[in-house]
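Enquirer: Return atomic coordinates for the entry below.
(one chain, ligands or ions: 1)
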Amino acid sequence: MGPPGAGKGTQAAVLARDLGLAHLATGDILRNETAAGSPVGLKAKTFMEAGRLVPDDVMTQLVGEYVVKAAKANGFVLDGYPRTLPQADALQALLEGASIVLTAVVNLEVPEEVIVARLANRQTCPKDQRTYHPVNNPPGKPGVCDACGSALVTRNDDSEAVVRNRLRVYRESTAPLVEFYKKQGLLKSVDGLAAIPKIVLAIKGILDEAQTAGPDSGRGTGRGETP
Ligand SMILES: [Zn+2]
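Expert: Residues are numbered from 1 along each chain as shown. Here you go, the predicted model:
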């Protein structure tokens with residue numbers, strides 16, 4: 001978890017690569033499923049084409065199949081889901097039904113003013129949507145995507161007013177989620193202002209510790225999570 005621009009996608013990609021996990025990003029799943037024309041993908045498409053948010057139940061259906069499949073393999077890192085309390089409830093039901101246990105919920109904490117500054121300067125690859133930042137996460141060659149060599153662009157919706165509105169929506173919809181996962185002792189906060197490799201190390205430490213503690217220890221019992 002983390003506000004837009006906190007670096008969720010960057011961290012999720014590194015963790016997935018280093019730990020051999022499936023990186024389940026909602027944006028990618030939506031693109032895959034609508035392109036493949038699967039029933040649930042087509043359902044999601046009707047909402048997106050109408051300019052509406054994809055409803056929670058459709059999102060859960062979309063993500064759920066990937067979660068179950070990845071859990072049977074080597075595990076997964078969810079990126080961009082759940083985003084609302086109803087989605088978290090639905091995910092919980094799905095996980096319980098499939099006997100899948102979450103190891104941790106990592107919350108990347110970044111002050112809003114920092115997010116505004118980051119996003120205002122963010123550069124995106126128009127081809128594969130990878131994001132870069134000239135200071136925090138620069139591409140190897142300035143202005144060029146590392147993965148595909150396309151020229152990077154600064155998106156119009158990275159304007160300050162739009163960013164502030166996205167942050168407000170994020171705050172309102174995810175504040176209950178933070179409480180939800182705190183109560184289960186799953187929420188682990190990480191300083192999102194640290195350098196990317198330091199954040200990666202911190203998250204790996206959290207995952208190691210949570211795994212050592214065992215899948216069932218403390219779940220739902222409010223076991224001494226530090227405030
Ligand atoms: Zn690219």
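
Enquirer: Can you pull out the low-pLDDT segments for this protein?
Expert: Within the chain, the ranges that satisfy pLDDT under 70 run 158, 214-227.

Enquirer: Specify the beta-bridge partners of the residue most central in space within the chain.
Expert: With distances taken as Cα atoms, centre = their mean, Asp79 lies nearest the centre of the chain, 2.2 Å away. Beta bridges link Asp79 to Ala25, judged by DSSP bridges.

Enquirer: tell me the contacts of it?
Expert: Counting by Cβ atoms under 8 Å, 6 or more residues apart in numbering, Asp79 touches Lys8, Gly9, Ala12, His23, Leu24, Ala25, Thr26. From N, CA and C alone the C-beta is placed, and that goes for glycine too.

Enquirer: So which bits of stretch 45-58 are buried?
Expert: Residues of stretch 45-58 classed as buried: Lys45, Val54, Asp56, Val58 (neighbour count, 16 or more other Cβ atoms under 10 Å).

Enquirer: now swap in stretch 111-130 and tell me
Expert: Buried-residue list, stretch 111-130, by 16+ other Cβ under 10 Å: Ile115, Val116, Ala117, Arg118, Leu119, Arg122, Gln123, Thr124, Cys125, Arg130.

Enquirer: if we take those, which one ends up nearest to the ion?
Expert: The nearest member of the buried residues of stretch 111-130 to the ion, counting by Cβ to the ion, is Cys125 at 3.2 Å.

Enquirer: mind checking how far that closest one is from Thr131?
Expert: Applying Cβ to Cβ, to the nearest Å, the value for Cys125 to Thr131 is 8 Å.

Enquirer: Asp128 and Cys145 touch, don't they?
Expert: Yes - contact status for Asp128 versus Cys145: in contact at 7.0 Å, counting by Cβ atoms under 8 Å.

Enquirer: Strands along this structure, start to end?
Expert: Taking DSSP state E, the strands of the chain run over residues 22-25, 76-79, 105-109, 123-124, 131-132, 187-191.

Enquirer: so what's Val116 up against?
Expert: Here Val116 is in contact with Glu160, Val163, Arg164, Leu167 (criterion: Cβ under 8 Å, 6+ apart).

Enquirer: from those, which is closest to Gly64?
Expert: Minimum distance to Gly64 across the contacts of Val116 is 27.9 Å, recorded for Leu167 (Cβ to Cβ).

Enquirer: How many residues are close by that closest one?
Expert: Under the neighbour criterion other Cβ atoms under 10 Å, Leu167 is assigned a count of 18.

Enquirer: didn't it look like it was pressed against Glu112?
Expert: Yes - using Cβ under 8 Å, Leu167 is in contact with Glu112, at 5.4 Å.

Enquirer: between the contacts of Asp79, which is closest to Gly97?
Expert: Once Cβ to Cβ is applied, the member of the contacts of Asp79 that ends up nearest Gly97 is Leu24, at 17.5 Å.

Enquirer: Pull up the gap between that closest one and the ion, please.
Expert: In this structure, Leu24 and the ion are 20 Å apart, going by Cβ to the ion, to the nearest Å.

Enquirer: thinking that residue is in contact with Ala73, fair?
Expert: No - Leu24 is beyond contact range of Ala73, at 11.8 Å (criterion: Cβ under 8 Å).

Enquirer: ok, now which ones touch Asn32?
Expert: Counting by Cβ under 8 Å, 6+ apart, Asn32 has contacts Gly41.
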